[in-house]
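> everything below, folded, please.
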Amino acid sequence: MATLTGYKRDIDGLYIDKDPESTLQYTMDWTNWLGSGETITTSTFTVDDISGDDPVTKLVRSGSNITDDVKCNVTLTGGTPGNIYTVRNTIVTSDSQTERKFFRIVCEARSF
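Numbers count the residues shown, from 1 in each chain. Sure, this is the predicted structure:
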């Protein structure tokens, strides 16, 4: 199983807390899913607001890339405290396989 650094798990799957004023990069590591010698040729991230009272302030995807042919990165900024966002990563592999996985962002103001 992949290492899930910083992620938490509940009954609905993986999630991570994010402050609305932070701009952070998140990585999806597909190493354990890919076949021997298989690489990622395309990666697309989408972000949807799945709950919250104020959907006006969106969590914004500001860029994505593929590293080491097996990891996909996305940079996210913004969000509204109390809202939950679904971040989906869809990949196509060198063997023409398509897969999609997701995690959730729980947006909350963080303090020390």
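
> quick one, strands of the chain?
Assigned by DSSP state E, the strands in the chain fall at 8-10, 13-18, 23-29, 40-51, 59-67, 71-78, 84-93, 98-107.

> quickly, which of these bottoms out on average pLDDT?
Lowest mean pLDDT of the strands of the chain: strand 59-67, a mean of 73.

> for Gly35, which non-adjacent residue is spatially closest?
Closest residue to Gly35 apart from its sequence neighbours, by Cβ to Cβ, 6 or more residues apart in numbering: Asp95 at 6.6 Å. (C-beta placed from N, C-alpha, C; glycine too.)

> measure the spatially most central residue of the chain to Glu21 for me?
Central residue of the chain (Cα atoms, centre = their mean): Val87, 4.4 Å from the mean position. According to Cβ to Cβ, to the nearest Å, Val87 stands 18 Å off from Glu21.

> please apply the same query to Glu38.
38 Å.

> which one's more surrounded, those two?
Higher neighbour count among Glu38 and Glu21: Glu38, with 15 against 11, using other Cβ atoms under 10 Å.
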